[in-house]
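# Provided below are the primary sequence and the corresponding predicted coordinates.
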Amino acid sequence: MSTELHEKGRVDGKMSADDVTLGLLREARETVRSSPLGVINTPMIPWCQTTLPLSVSCNVQIKLENMQKTGSFKIRGVANQFARRPKGGRFVTMSAGNYGKSFAYASKHYGSMGKVVMPETAPESRSVLIQSFGVEVERVPTSCLMNVVNRCVHEDNMSFLHSYDDLDLIAGHASLGMEVLEAMPEPDVVAVCCGGGGLLAGVAAAIKLSGRDKTRIYGVEPEGGRLPYELCQRYAEEIVLVSDEEIKAAVSTLYGSGLVVEPSGSAAFAAIVNNKIPELEGKNVVCILSGGNVGKDELGDFPD
């Protein structure tokens, strides 16, 4: 990765879709693959070999990123971020959960001083988990998150690592797209959860820049979400919305088949089972389950 591009992603978070090239993504793929953080090439299993319901006749492969190190895809981007920063640095981020967990895990491994600024509405258990890695957590009102980060940057000389709007992070997430193509070289449809947009941006860029022009890539997010990325707008076919009820039902259905998946990680599955994605009949489809960080206490909130 060129210094110019790395500095652009690291310092101000600003980039354009033209900054993301296949060469850059391939380099990030090797960085993630060889990361000392232990990122794994997660399994892809045929839907037909599970007990999950499917109302349309197509070949769906499920990418089990819920089995990833730290429980979600976030470790991929974090692995690439930390590999390209000074070891033993001082870093601050904002996160309510999965990114913070991966950030804390990497901070401990690399001997970095880390701080996570977390909305005070996040479950206390998440703060405790992140602190167990030796990373400080400051819980503040949501409206104050960026103010606290800026204070840490200017007063405490810390570097800000963004949880989704960062070139290195997105390039690291693209490794998931590369793995998808290794397992299914010519997918017709790929369904990816949106979240902040980093995963969708990385996966979509990896697939399209690898020459799969005919592959339709759908981002899936809860109703009321928004999509900030030029990369997603350039490479994704459409953004599909699913309701909270559909997501809750998806979590319950997946759990009933032995797959522990958090609500946000089940969005792509919810879109497929509720026929939100068009023209799947006879197609090769990839469904990404992006995370599995859901506690036993939280599972009680979902229908049987």
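Done, it's in.

# Strands of the chain, residue ranges please.
Secondary structure of the chain (DSSP state E): strands located at 44-46, 59-64, 90-94, 113-119, 136-140, 159-160, 189-193, 216-222, 238-242, 284-289.

# Out of these, which is the most enclosed?
Each of the strands of the chain was assessed for mean neighbour count using mean count of other Cβ atoms under 10 Å. The highest is strand 189-193, with a mean of 28. Backbone N, C-alpha and C define where each C-beta goes, glycine included.

# Check which helices and strands that one sits against.
Packing partners of strand 189-193 (3 or more Cβ pairs under 8 Å, 6 or more residues apart in numbering; DSSP states H and E): helix 198-209, strand 216-222, helix 267-273, strand 284-289.

# So which residues make contact with stretch 23-31?
1, 5, 79-80, 83-84, 168, 171-172, 174-175, 177-178, 202, 205-206, 209 (Cβ atoms under 8 Å, 6 or more residues apart in numbering).

# Now render the helices and strands packed on strand 189-193 as CSV, adding distance to Asn98.
Formatted as CSV, these follow (distance: least, Cβ to Cβ, whole Å):
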stretch, distance to Asn98
helix 198-209, 11
strand 216-222, 15
helix 267-273, 14
strand 284-289, 13
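
# For those, give me CSV that also has mean pLDDT.
Converted to CSV, these look like this (pLDDT from 0 to 100):
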stretch, mean pLDDT
helix 198-209, 95
strand 216-222, 93
helix 267-273, 97
strand 284-289, 98
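
# Identify whichever of those lies nearest to Pro43.
strand 284-289 (10.6 Å; Cβ to Cβ).

# can you count the residues close to Lys214?
For Lys214, the neighbour count with other Cβ atoms under 10 Å is 8.

# Verify the stated contact: it with Asp188.
Yes - Lys214 is within contact range of Asp188, at 7.4 Å (criterion: Cβ atoms under 8 Å).

# Make sure Gly198 is actually in contact with Arg76.
No - look at Gly198 against Arg76 with Cβ under 8 Å: they stay out of range, at 9.7 Å.

# neighbour-wise, which of the two wins?
Arg76 (35 against 28).

# What's the per-residue pLDDT of that one here?
For Arg76, the pLDDT comes out at 98.

# where does it sit relative to Pro185, distance-wise?
According to Cβ to Cβ, to the nearest Å, Arg76 and Pro185 sit 21 Å apart.

# Check Ile239 too.
26 Å.

# before we move on, back to that, which one of the strands of the chain lies closest to Leu22?
Short answer: strand 216-222, nearest of the strands of the chain by Cβ to Cβ, at 15.9 Å.

# Mind listing residues that contact that closest one?
Taking Cβ under 8 Å, 6+ apart as the rule, strand 216-222 contacts 188-195, 197, 200, 203-204, 207-208, 227, 232, 235-244, 247, 264, 267-268, 270-271, 276-277.

# Among these, name the buried ones.
188-195, 197, 200, 203-204, 207-208, 227, 232, 235-236, 239-242, 247, 264, 267-268, 270-271, 276-277 (16 or more other Cβ atoms under 10 Å).
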